[in-house]
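Colleague: sequence first, then the predicted structure, then my questions.
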Amino acid sequence: MSTRTAFLKGHGTENDFVILPDPENALDLSPAAVAALCDRRAGIGGDGVLHVVRSAAHPEARSMAAEAEWFMDYRNGDGSVAEMCGNGVRVFARYLQHAGHVAEGDLAIATRGGVKHVHLAKDGDVTVGMGRARLPEGEVTVRVGERSWPARNVNMGNPHAVAFVEDLAHASDLYTPPPFAPAAAYPDGVNVEFVVDRGPRHVAMRVHERGSGETRSCGTGACAVAVAAARRDGADPAATGTPATYTVDVLGGTLVITERPDGEIEMTGPAVIVAEGTLDPEWLETAPR
């Protein structure tokens, strides 16, 4: 990284991120450097890093540049690369608006999970088209301590195991990844959601995010939960022609998820820019690379 690196801090339903504007993809973002930035005691602190790059300047996004000017190069808090982050996309869009790159209305953002279409509303909420869910076949089980539950395998561009439980406290502390079986279901690890009912088409969840531990919110996880709840409840918009909307409470707030008859899933929720500044050059020189 350069000795004078701008950053911002933002969150979506308290899923928080370090935002690094880098239009020309000039920063050296090693996994160790990302982890240092996300460290809540020795760094800025965050569940992940939103690396803001023009699609044309990033080798993984050049093929999407004609459709989306900006690429969300997302990194988990441990420095690993992730395909997508639903809350991150909303905060990414809010940053682009904050920086004057876009205005209210519609825009497209490139991600490793494909191009995502976003709407910035006047009331401050951000709606993201999250794509279609895939529901791989096969039984999956997740376990915490002596308890185990069947889980629904849902892929939102990244993998999820959704387990319906009687009490969210049964998920324990979620510091470590809950064991799952069979191992072949998720060869690269998985995000695990524990879900309880709050009312008609209203659920609450806790989540262990792969590479980050328990987070206050997970956008792709909320989408996976809504799809799993809909199928459990006998709702399939593709079959009925009627959209299915679920309210999903996360620890950091509330998201509204709608699955349309064409399979597209839309997520609506807040996105906030909290602060901005410059990383201290001395800290940058001594931070891990």
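Modeller: Perfect, I can see it now. Residues are numbered from 1 along each chain as shown.

Colleague: list phi and psi for residue 281.
Modeller: phi -60, psi -40 (degrees, to the nearest 10).

Colleague: just give me the neighbour total for it.
Modeller: 12 (other C-beta atoms under 10 Å). C-beta coordinates here come from the backbone N, C-alpha and C atoms, glycine included.

Colleague: how close does it sit to residue 89?
Modeller: Computed as C-beta to C-beta, to the nearest Å, the residue 281 to residue 89 distance reads 31 Å.

Colleague: I figured residue 49 hits residue 27, correct?
Modeller: No: the pair residue 49 / residue 27 is not scored as a contact, 10.0 Å apart, by C-beta atoms under 8 Å.

Colleague: joint contacts of those two?
Modeller: Common contacts of residue 49 and residue 27, defined by C-beta atoms under 8 Å, 6 or more residues apart in numbering, comprise residue 20.

Colleague: domain parsing for this protein?
Modeller: In terms of domains, the chain is parsed into 6-125+272-286, 140-268 (source: automatic domain parsing).

Colleague: out of the ones you listed, which is closest to residue 132?
Modeller: domain 140-268 (4.0 Å; C-beta to C-beta).

Colleague: the closest one: end-to-end distance?
Modeller: Across domain 140-268, the terminal residues are separated by 29 Å (C-alpha to C-alpha, to the nearest Å).

Colleague: quick one: distance of it to the chain centre.
Modeller: Between the centre of domain 140-268 and the centre of its chain there are 12 Å (C-alpha atoms, centre = their mean, to the nearest Å).

Colleague: quick check: mean pLDDT of it?
Modeller: For domain 140-268, mean pLDDT is 96.

Colleague: just to revisit the earlier point, redo the domains of the chain as TSV? Include distance to residue 134.
Modeller: Compiled in TSV, those are given as follows (distance: least, C-beta to C-beta, whole Å):
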stretch	distance to residue 134
domain 6-125+272-286	12
domain 140-268	4
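
Colleague: what's around the closest residue in space to residue 89 that isn't next to it in sequence, how many residues?
Modeller: Spatial nearest neighbour of residue 89, chain neighbours left out: residue 128 (5.0 Å); criterion: C-beta to C-beta, 6 or more residues apart in numbering. Counted by other C-beta under 10 Å, the residues lying close to residue 128 total 28.

Colleague: gap between residue 128 and residue 118?
Modeller: Noted for residue 128: a distance of 5 Å to residue 118, by C-beta to C-beta.

Colleague: what do the two both touch?
Modeller: Joint contacts of residue 128 and residue 118 (C-beta under 8 Å, 6+ apart) are 89-90, 93.

Colleague: neighbour-wise, which of the residues you listed leads?
Modeller: Among the shared contacts of residue 128 and residue 118, residue 90 has more neighbours than the rest - 31 neighbours, counting by other C-beta under 10 Å.

Colleague: and it, what does it touch?
Modeller: Counting by C-beta under 8 Å, 6+ apart, residue 90 makes contact with 12, 118, 126, 128, 219, 267, 269-271.

Colleague: what's the farthest-apart pair in the residues you listed?
Modeller: 118 and 270 (13.6 Å).

Colleague: of these two, give the one with the bigger neighbour count.
Modeller: More crowded of residue 118 and residue 270, by other C-beta under 10 Å: residue 118, with 23 against 20.

Colleague: my read: the more buried one touches residue 108, true?
Modeller: Yes: taking contacts as C-beta under 8 Å, residue 118 lies within contact range of residue 108: 7.2 Å.

Colleague: can you pull out the helices in the stretch 151-289 of the chain?
Modeller: Counting by DSSP state H, counting those that start in this stretch, one finds helices in the stretch 151-289 of the chain at the ranges 219-232, 237-240, 281-286.

Colleague: redo the ones you listed as JSON lines? Include distance to residue 192.
Modeller: Formatted as JSON lines, the helices of the stretch 151-289 of the chain follow (distance: least, C-beta to C-beta, whole Å):
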{"stretch": "helix 219-232", "distance to residue 192": "9"}
{"stretch": "helix 237-240", "distance to residue 192": "25"}
{"stretch": "helix 281-286", "distance to residue 192": "34"}
